[in-house]
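Participant: coords please:
(one chain, ligands or ions: 1)
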Amino acid sequence: MDTNLPVTTQPRIVIIGCGFAGLRLAKDLADAPVQVVVIDRNNYHNFQPLLYQVATGALEADSIAYPIRKIFAGQPNFFFRMADVQQVDHARNTLITNIGEIRYDHLVIATGSLTNYFGLESIERNAMQIKSVPNALNLRSYLFQNFEKALLCENPVQRQALMNVVVVGGGPTGVEICGSLAEMRKDVLPQDYPELDLKQMEIYLVESGGEVLGPMSKYAQDKAKAYLEEMGIHIRLNTKAARFEDGKLYYSDTEFLRTENLIWAAGVNGAAVEGLPAEVVAKNKRINVDTINRVMGSRNVYAIGDVANLVTEEMPRGYPMLAPVAIQQAEQLAANFKRLLAGEALQPFKYFNKGSMAIVGRNRAVVDLPGDRHFGGFLGWLTWLFVHLMTLVGFRNKAVTLVSWAISYFSSDKALRLIIRPYKRHDFKDDKGKTNAQQNASTPEYNPPVPAPNAAVVGG
Ligand SMILES: Cc1cc2nc3c(=O)[nH]c(=O)nc-3n(C[C@H](O)[C@H](O)[C@H](O)COP(=O)(O)OP(=O)(O)OC[C@H]3O[C@@H](n4cnc5c(N)ncnc54)[C@H](O)[C@@H]3O)c2cc1C
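Facilitator: Predicted coordinates:
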């Protein structure tokens, strides 16, 4: 298949992934004398930090995703192909994708991350993850489907399992989703399910470490824990999920929590693409890069964002998988490409930490600022809303999100509870049509299209 990219005499920079990193890099190259080709398996940019709000009915999916072609309308050096990259053939400076081969002069891998189930197969098969828009819509449908089932269930133990939710992972995603579920339990579900005794619905947050919000300050950890407890969340610290079978999440051979709704937010691995030399892919599937984000041992392949494993003295375990890191690496790489074209020396990546934050619920959020400054409560909540609103792509999304938040604030309602993607748990599929297990398999079951021998690669 021909990808029909125009032939050009300018260097072609191919970027895999239009997440935070790929998007910023392609934008910052708008004025560079290069051809920018972005490849993503979705035709939209997904604002992952607000996925949990889609999963809990607070926001519609369209307000946190934005069409890639619309973002770049009017950028003449930009070309987009919706495709799944299957392999890098770096000897031929070519990508193998499901729509054909694409040649590059410089390649930037910005493929983000995948959920890490730590080899717990029963959990991988049966838990719900929250990494993509379809994941979030599935999760919302699945929760409401189980409430419909609970109405019909005569066995009280099973009925409670259908209503209970267990969230594994006490990082920002786990904390945020627990807070949102607690608000649903208080404000939304009693209106919709007056026949169910919602006092029976338990929400558990299971964390293997000794605190929630591990990477944040002690202030943020204690305050978030107190908020969650006020909202009726049961927090199980130093507890490792071991397996999930027959509606039971086991955390030892005999001890378990009963639930049909297990949400896995316990970790991610890099989404390294196939075809890179084994030695450049770290254990956590991030790609080892040097201080200019160039893949170790390579001349023209770079990795930025979550997938990049940039280890420095300051960050011996690599930079955190956060949107600001992805954005700043993209900005630095765009500047370095311009320096490269101008024959100037390249500059190493330096991270400017603007702080971190997490929201637990209405008027409850925690914010850590550089310089050991922290705050929470209403001011923290307002700060969280403002920063997330400003970072959303597109005026429409900002406006729709602001209106949705204002309505929910004043009405205490989350309007979106349609079951629009009904599915059986064991058939739980992501946007690529693969099950959780297939998605995270180390060897993809993909068969790259075999190009005809001696096939000419015209412009791509
Ligand atoms: C639920 C959730 C909440 C989060 N909350 C926060 C937060 O509050 N604050 C914060 O700073 N960070 C947060 N993060 C982390 C943040 O979203 C990531 O750090 C950020 O998205 C990384 O950007 P990226 O560009 O590296 O990857 P991504 O944004 O993940 O983008 C990767 C892109 O690559 C595409 N892609 C991947 N593989 C292929 C392939 N083989 N072929 C074609 N396309 C491919 C994907 O479709 C995707 O568009 C959160 C993440 C999640 C999942």
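
Participant: if I read this right, residue 365 contacts residue 383, doesn't it?
Facilitator: Yes - using C-beta atoms under 8 Å, residue 365 is in contact with residue 383, at 7.1 Å. Heads up, the C-betas are built off the backbone N, CA and C, glycines and all.

Participant: So between these two, which is more surrounded?
Facilitator: More crowded of residue 365 and residue 383, by other C-beta atoms under 10 Å: residue 365, with 27 against 19.

Participant: can you pull the contacts of the nearest residue to residue 177 once chain neighbours are set aside?
Facilitator: Closest residue in space to residue 177, ignoring its immediate chain neighbours: residue 52 at 4.4 Å, by C-beta to C-beta, 6 or more residues apart in numbering. By C-beta atoms under 8 Å, 6 or more residues apart in numbering, the contact set of residue 52 is 130, 136, 173, 176, 177, 180.

Participant: To what extent is the third one buried, counted in neighbours?
Facilitator: Residue 173 is surrounded by 22 other residues when neighbours are defined as other C-beta under 10 Å.

Participant: Please, which helix or strand holds it?
Facilitator: Applying DSSP states H and E as the criterion places residue 173 in helix 172-183.

Participant: The very next helix or strand once past that helix: how far from the chain's middle?
Facilitator: Counting by DSSP H and E, the element after helix 172-183 in chain order, helix or strand, is helix 189-192. Taking C-alpha atoms, centre = their mean, to the nearest Å, one finds helix 189-192 lying 30 Å from the centre of the chain it belongs to.

Participant: Helix 189-192: which residues count as buried?
Facilitator: residue 189 (16 or more other C-beta atoms under 10 Å).

Participant: before we move on, what about stretch 248-267?
Facilitator: So for stretch 248-267, counting by 16+ other C-beta under 10 Å, buried means 248-251, 256-267.

Participant: Greatest separation within those: which pair is it?
Facilitator: 258 and 267 (23.8 Å; C-beta to C-beta).

Participant: The ligand contacts on this protein?
Facilitator: Residues of the chain lying near the ligand by C-beta under 6 Å from any ligand atom: 16-22, 39-42, 46, 48-49, 51-52, 84-85, 110-113, 130-131, 172-173, 271, 273, 305-307, 321-324, 326.

Participant: what about the closest residue to residue 219 other than its chain neighbours, which SS state?
Facilitator: Counting by C-beta to C-beta, 6+ apart, residue 374 is the residue found nearest to residue 219 once chain neighbours are left out, at 4.1 Å. Secondary structure state of residue 374, per DSSP: H, G, I helix; E, B strand; the rest coil, is strand.

Participant: quick one: pLDDT of residue 374?
Facilitator: On pLDDT, residue 374 comes in at 96.

Participant: roughly how far apart are it and the ligand?
Facilitator: 17 Å (C-beta to the nearest ligand atom, to the nearest Å).

Participant: That residue: neighbour count?
Facilitator: 17.

Participant: contacting residues around it?
Facilitator: Here residue 374 is in contact with 217, 219, 220, 366, 367, 368 (C-beta under 8 Å, 6+ apart).

Participant: Kindly export stretch 30-40 (C-alpha atoms) in CSV.
Facilitator: Presented in CSV, the C-alpha positions along stretch 30-40 are these (Å, rounded to 0.1, in the frame of the first residue of the first chain):
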residue,chain,number,x,y,z
ALA,A,30,5.8,24.5,12.0
ASP,A,31,8.4,27.1,11.0
ALA,A,32,11.2,24.7,10.3
PRO,A,33,12.3,23.8,6.8
VAL,A,34,11.3,20.1,7.2
GLN,A,35,8.5,17.8,6.3
VAL,A,36,6.7,16.7,9.4
VAL,A,37,4.8,13.4,9.2
VAL,A,38,2.8,12.4,12.3
ILE,A,39,1.5,8.8,12.6
ASP,A,40,-1.1,7.8,15.2
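
Participant: Please enumerate the helices of the stretch 251-400 of the chain.
Facilitator: Listed in chain order, the helices of the stretch 251-400 of the chain (DSSP state H, counting those that start in this stretch) span residues 323-341, 377-391, 395-411.

Participant: highest average neighbour count across these?
Facilitator: For these, the largest average neighbour count (mean count of other C-beta atoms under 10 Å) is found in helix 323-341, namely a mean of 21.

Participant: For it, which helices and strands make contact with it?
Facilitator: helix 20-28 (3 or more C-beta pairs under 8 Å, 6 or more residues apart in numbering; DSSP states H and E).

Participant: ok so, going back, quick check: neighbours shared by residue 365 and residue 383?
Facilitator: With C-beta under 8 Å, 6+ apart, residue 365 and residue 383 have common neighbours residue 357.

Participant: Not counting residues beside it along the chain, what's closest to residue 41?
Facilitator: residue 84 (4.6 Å).

Participant: same question but for residue 421, I mixed them up
Facilitator: residue 141 (4.5 Å).

Participant: Kindly report the same for residue 229.
Facilitator: Leaving out its chain neighbours, residue 229 is closest to residue 235 (C-beta to C-beta, 6+ apart), at 6.7 Å.
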